[in-house]
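Novice: Take a look and give me a structure for this.
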Amino acid sequence: MKELCDFFREKRQLLFFLLFFEGSLCLIYGLYGLPWGPAGYTCLVTAVVTLGFLMAGFFRWKRKRRQLLILKRQAEQSLETADLPKAETPLEKIYQEIIRDQEKRCQREQKESREKLVRSREYYTRWSHQIKTPIAAMELLLQEEPADVRALKRELLKTSQYVEMALSYQRMEGDGNDLVIQRYELRPVVMQAVKKVSPLLIHKHISFSAGDLSGEVLTDEKWLVFVLEQLLTNASKYTKEGGSVRIGKENGLLVLRDTGIGIRPEDLPRIFEWGYTGYNGRLDKRSTGVGLALVKQVMEMLGNKIEIRSVLGEGTEVFLDLRRTELEAE
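Specialist: Residues are numbered from 1 along each chain as shown. Presented below is the predicted three-dimensional model:
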């Protein structure tokens, strides 16, 4: 009974039209004094035909309603909507297209969420092994009498960098970018990163030189320092003792150049992929393959570009385009 009431409520406009038509017909016959026989016959035939049409439509409506209720229950377990009843009107077709578009979006978001979860598990598994190395080294150094303070500082720096990378990774994955875009003098920003990694450069007797660092950049200071620190750490890691690292502006770009071991040509196209370590990363068994991927993601978040060129056995060049003319400082 409830289904029948719902159906007639849905078709109430047609019923109102039928009543209006028959009422108008009776009114016209009454005003003109015409015999009621033809009017009654017309009203009866119209009512029977309309009722027959409605009853036939009711059974179709009832069948479709049951299909939709089944799909509603299934939707709690699955996003599949391939079994939607056939659309009978253009409007229903549009509704179904909207539903399928939403289904695709949800499936895409589900896939991205699963990939992000897998990626996070892989990263933190590698990270947990990675951070054990400097901690173990500090434990050994503390057993010595007297302890090597410089060596302890180097290992403490590595530990601090691993923790900072994990926090940055978490902020990026959680979309908590907390950007503060302002204009900064380039030199102080660069020197912040250099100061942080200087123990690594000094330990390997790597000479550092700074070229032209004049001018301002429109950026987020914290994130740009993070990018530079990661790049300088990589430069120190893959540059042999006695090598050199130089940073400065060239043709409007900030260029970081080292005399390290270089990157193999087959690895260059993939160095920004999450989890990709390449040949150099496999040599350094502690590599997570996340550093450069995170750098790339941060640069895109800042509205900047990064490019890396390298010659195996000669060194690597990193080009940072820090121009953001389309944005204004907050």
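Novice: any idea how far R63 lies from E144?
Specialist: Distance, R63 to E144, using CB to CB, to the nearest Å: 83 Å. Just so you know, the C-beta spots here come from the backbone N, C-alpha and C atoms, and that holds for glycine as well.
Novice: so how many other residues sit close to L140?
Specialist: 12 (other CB atoms under 10 Å).
Novice: Doesn't it lie inside a strand?
Specialist: No: read with DSSP: H, G, I helix; E, B strand; the rest coil, L140 is helix and lies in no strand.
Novice: Output the contacting helices and strands for the helix or strand containing P188.
Specialist: P188 belongs to helix 186-203 when assigned by DSSP states H and E. Where contact means 3 or more CB pairs under 8 Å, 6 or more residues apart in numbering; DSSP states H and E, helix 186-203 is packed against helix 149-173, strand 207-210, strand 216-219, helix 221-237, strand 244-250.
Novice: Quick check: which of those is nearest to F17?
Specialist: helix 149-173 (58.4 Å; CB to CB).
Novice: what does that closest one rub up against?
Specialist: Here helix 149-173 makes contact (CB atoms under 8 Å, 6 or more residues apart in numbering) with 116, 120, 123-124, 127, 130-131, 133-135, 137-138, 141-142, 177-178, 196-197, 199-200, 203, 226, 229-230, 233, 290-291, 294, 297-298, 301.
Novice: can you check stretch 250-265 too?
Specialist: With CB under 8 Å, 6+ apart, stretch 250-265 has contacts from 186, 190, 211-212, 228, 231-232, 235, 238-240, 243-249, 271, 278-280, 308, 310-323.
Novice: Next, the buried residues of it.
Specialist: By 16 or more other CB atoms under 10 Å, the buried positions in stretch 250-265 come out as L253, L254, V255, L256, R257, D258, T259, G260, I261, G262, I263.
Novice: One more: stretch 120-140?
Specialist: So, applying 16+ other CB under 10 Å, buried residues of stretch 120-140: Y123, R126, W127, Q130, I131, P134, A137, M138.
Novice: Now those residues in JSON lines, please, with extra columns for pLDDT.
Specialist: Shown next, in JSON lines, are the buried residues of stretch 120-140 (pLDDT from 0 to 100):
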{"residue": "Y123", "pLDDT": "78"}
{"residue": "R126", "pLDDT": "78"}
{"residue": "W127", "pLDDT": "82"}
{"residue": "Q130", "pLDDT": "79"}
{"residue": "I131", "pLDDT": "86"}
{"residue": "P134", "pLDDT": "87"}
{"residue": "A137", "pLDDT": "88"}
{"residue": "M138", "pLDDT": "90"}
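Novice: Now do the host helix or strand of V49, average pLDDT.
Specialist: Using DSSP H and E, V49 sits within helix 36-75. The average pLDDT for helix 36-75 rounds to 79.
Novice: distance between that helix and the chain's centre?
Specialist: 49 Å (CA atoms, centre = their mean, to the nearest Å).
Novice: What helices and strands are in contact with that helix?
Specialist: Identification of packing neighbours for helix 36-75 by 3+ CB pairs under 8 Å, 6+ apart yields helix 2-10, helix 12-32.
Novice: Now do that helix and helix 2-10, the angle between them.
Specialist: Interaxial angle, helix 36-75 versus helix 2-10 (axes from the mean of the first three to the mean of the last three CA atoms, to 10 degrees): 120 degrees.
Novice: Buried residues of helix 36-75, list them for me.
Specialist: Of all the residues in helix 36-75, those buried under the rule 16+ other CB under 10 Å are A39, C43, T50, L54, F58, W61, L71.
Novice: Kindly reformat those as CSV containing distance to K93.
Specialist: Shown next, in CSV, are the buried residues of helix 36-75 (distance: CB to CB, whole Å):
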residue, distance to K93
A39, 41
C43, 36
T50, 26
L54, 23
F58, 22
W61, 17
L71, 16
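Novice: any idea which of those is closest to D220?
Specialist: Within the buried residues of helix 36-75, the smallest distance to D220 is 47.1 Å, found for L71 (CB to CB).
Novice: Could you report the distance from the closest one to F7?
Specialist: 19 Å.
Novice: same check, this time on N234
Specialist: 70 Å.
Novice: again, but for K86
Specialist: Distance from K86 to F7, counting by CB to CB: 19 Å.
Novice: So between these two, which is more surrounded?
Specialist: Shown here are K86 and F7; by other CB under 10 Å, F7 has more neighbours (18 against 9).
Novice: and that one, what is it in contact with?
Specialist: The contact partners of F7, taken as CB under 8 Å, 6+ apart, are L54, G57, F58, W61, K62.
Novice: and if you look at M191?
Specialist: Shown in contact with M191 (CB under 8 Å, 6+ apart): A210.
Novice: Please repeat the previous calculation with a cut-off of 10 Å.
Specialist: Taking CB atoms under 10 Å, 6 or more residues apart in numbering, we find M191 in contact with E185, S198, A210, L213, V225, L228, I247.
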